[in-house]
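J.: model the structure of this input:
(chains A and B)
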Amino acid sequence: MNHAVTHDQAEHGSAHAVHAEGHQQHPIKIYLWIWFLLFVLSAFSYMVDYFHLQGVLRWTLILLFMFLKAGFIVAIFMHMTWERLALKLAILVPPVMLLVLIALMAIEGDYTFLTRIASFVR
Amino acid sequence: MAETALKVEQSASALEGLRSVAADWSQDKQAFPVPWGKAMMWIFLLSDTFVFTCFLTSYMNVRISTTEPWPNPSEVFALHIGGTNVPLLLIAIMTMILITSSGTMAMAVNYGYRRDRKRTAALLLATALLGLSFVGMQAFEWTKLIVEEGVRPWGNPMGAAQFGSSFFMITGFHGLHVSCGVIYLLVVAKRVLSGFYDRKGTYETVEVAGLYWHFVDLVWVFIFAFFYLW
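T.: Down below sits the predicted model:
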């Protein structure tokens, strides 16, 4: 803890005072706005199912609303926007690797499906 | 001209950002100038991201590879109300509840940093209550699915057998997170009320608890999209 205290004092008064103190103090208005947007986006994604949209349009809209909601939660509610770039990169870059896993498993799933069709389904 | 100036400015600020990263890592000091609890919570949440992605990816894999038709979640999770089937009604309510709880949590963090003990505790308790009602609805959903629809981890009357195991695994693990979060929030709320953080001199623990709670909401966003809507 001593470490942090000396560090805080060292950076106090600089442009990064907010970060140095580790406090995330922001106007309530921005939280209310994001809250409202999350409600609206959730309603939209529910509408996608309610109105039985199908095919590419359905998938595009589901993903669009999902990423918008996820982005707002991480950026504003979890205060990622106001963190230093070093922390942002350390937390947000590693999940990109998961795309490789998802791609591999999608290809593998397709292969299994085709094998099953060829061997077991008569 | 204006465009070029903007571009120059952008690349300059990007370079400055990278310089700050290099400086944070290379100076002989702690790399992330945030409370250690916050840095550790972020790293825990990062590992949890990998766990949940593994579940969702395995669900994707079995759903792609099965030759049986996948049960239509819109129908499976419909509620029968007033003579009509409303698709996904309970799930929609659960989603709204979780978002509401995320909002109250964000406000709790905000009032915590304003040193407003009563409001912070009240908002934390509201968040915990909303989380509890979420778990209650999930228990209702599971009971309905197991008792009335006959869904089991190894099979179900509606289609592909993998539906049950994916569903119980993914929503069960998420429900476990919500339950743990409720306990976590209650502990923090009790400490806020007792003035523990005033004596400690900082309310950052409330923000760290908030990170966990928002993450639970974040995971639900993905489960809602991929399991219930897809």
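
J.: what residues of stretch B:60-72 count as buried?
T.: For stretch B:60-72, burial by neighbour count (16 or more other CB atoms under 10 Å in any protein chain shown) applies to B:60, B:61, B:62, B:63, B:64, B:65, B:66, B:70, B:71. (Each C-beta comes from the backbone N, C-alpha and C, glycine too.)

J.: outside of it itself, list whatever touches it.
T.: A:102, A:105-106, A:108-110, A:112-113, A:116-117, A:120-121, B:156, B:158-163, B:165-166, B:226 (CB atoms under 8 Å, 6 or more residues apart in numbering or on different chains).

J.: the same query, at a cut-off of 6 Å, please.
T.: With CB atoms under 6 Å, 6 or more residues apart in numbering or on different chains as the test, stretch B:60-72 has contacts from A:105, A:109, A:112, A:113, A:116, A:121, B:158, B:159, B:160, B:162, B:163.

J.: that one: end-to-end distance?
T.: Using CA to CA, to the nearest Å, one end of stretch B:60-72 lies 15 Å from the other.

J.: quick one: that stretch to chain centroid distance?
T.: 26 Å (CA atoms, centre = their mean, to the nearest Å).

J.: give me the number of residues near residue B:199?
T.: Look at residue B:199: counted by other CB atoms under 10 Å in any protein chain shown, it has 8 neighbours.

J.: what's the helix or strand for it?
T.: Using DSSP states H and E, residue B:199 sits within helix B:196-200.

J.: beyond that helix, next helix or strand please.
T.: Helices and strands here follow DSSP H and E; after helix B:196-200, the next one along the chain is helix B:204-223.

J.: pLDDT of the helix holding residue B:199, averaged?
T.: Averaged over helix B:196-200, pLDDT sits at 91.

J.: is chain A within reach of that helix?
T.: No - Helix B:196-200 lies out of reach of chain A by CB under 6 Å from any CB of the partner chain, never closer than 10.9 Å.

J.: could I have that helix exported to CSV, CA atoms only?
T.: Taking C-alpha atoms only, helix B:196-200 is exported to CSV below (Å, rounded to 0.1, in the frame of the first residue of the first chain):
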residue,chain,number,x,y,z
PHE,B,196,-16.0,0.6,7.8
TYR,B,197,-15.0,2.4,4.6
ASP,B,198,-15.1,5.8,6.3
ARG,B,199,-12.6,4.6,8.8
LYS,B,200,-10.5,3.0,6.0
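
J.: contact partners of it?
T.: Under CB under 6 Å, 6+ apart, the answer for helix B:196-200 is residue B:203.

J.: and it, which residues are buried?
T.: residue B:197.

J.: ok, so of the contacts of stretch B:60-72, who is nearest residue B:35?
T.: Among the contacts of stretch B:60-72, residue A:105 lies closest to residue B:35 (CB to CB), at 36.9 Å.

J.: just checking, the closest one touches residue B:57?
T.: Yes - counting by CB atoms under 6 Å, residue A:105 does reach residue B:57; the two are 5.0 Å apart.

J.: spit out the contact partners of residue B:85.
T.: Counting by CB under 6 Å, 6+ apart, residue B:85 has contacts residue B:78.

J.: try the one 4 residues further on
T.: Residue B:89 makes contact with residue B:79 under the criterion CB under 6 Å, 6+ apart.

J.: just the one 10 residues further on next, same as before
T.: Applying CB under 6 Å, 6+ apart, one finds that residue B:99 lies in contact with A:38, A:42.

J.: now do residue B:208
T.: For residue B:208, counting by CB under 6 Å, 6+ apart, the contacting residues are B:37, B:38, B:41.

J.: change it to 8 Å
T.: Residue B:208 makes contact with B:35, B:37, B:38, B:41 under the criterion CB under 8 Å, 6+ apart.

J.: could you do residue A:31 as well?
T.: A:76, A:77, B:103, B:106, B:107, B:110.

J.: now, which of those residues sits nearest residue A:35?
T.: Checking the contacts of residue A:31 against residue A:35 by CB to CB gives residue B:103 as the nearest, at 3.9 Å.

J.: could the buried residues of stretch B:60-72 go into TSV alongside secondary structure and pLDDT?
T.: Below are the buried residues of stretch B:60-72 laid out as TSV (DSSP: H, G, I helix; E, B strand; the rest coil; pLDDT from 0 to 100):
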residue	secondary structure	pLDDT
B:60	helix	96
B:61	helix	96
B:62	helix	95
B:63	helix	95
B:64	helix	95
B:65	helix	94
B:66	coil	93
B:70	coil	93
B:71	coil	92
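
J.: farthest pair within the residues you listed?
T.: Farthest pair in the buried residues of stretch B:60-72, by CB to CB: B:61 and B:71, 17.0 Å.

J.: how close does whatever residue of chain A ends up closest to chain B sit to residue A:43?
T.: As assessed by CB to the nearest CB, chain B sits closest to residue A:109 within chain A, at 3.2 Å. Taking CB to CB, to the nearest Å as the measure, residue A:109 falls 32 Å from residue A:43.

J.: quick one: low-confidence ranges for chain B?
T.: Residue ranges of chain B with pLDDT under 70: B:1-6, B:8.

J.: also chain A?
T.: Applying pLDDT under 70 to chain A flags residues A:1-23, A:121-122.

J.: in stretch A:80-91, what counts as buried?
T.: Neighbour-count burial for stretch A:80-91, counted by 16+ other CB under 10 Å, picks out A:80, A:83, A:84, A:85, A:86, A:87, A:88, A:89, A:90, A:91.

J.: coming back round to it: now, of the contacts of residue A:31, which are buried?
T.: Using 16+ other CB under 10 Å as the burial test, the contacts of residue A:31 include A:76, A:77, B:103, B:106, B:107, B:110 as buried.
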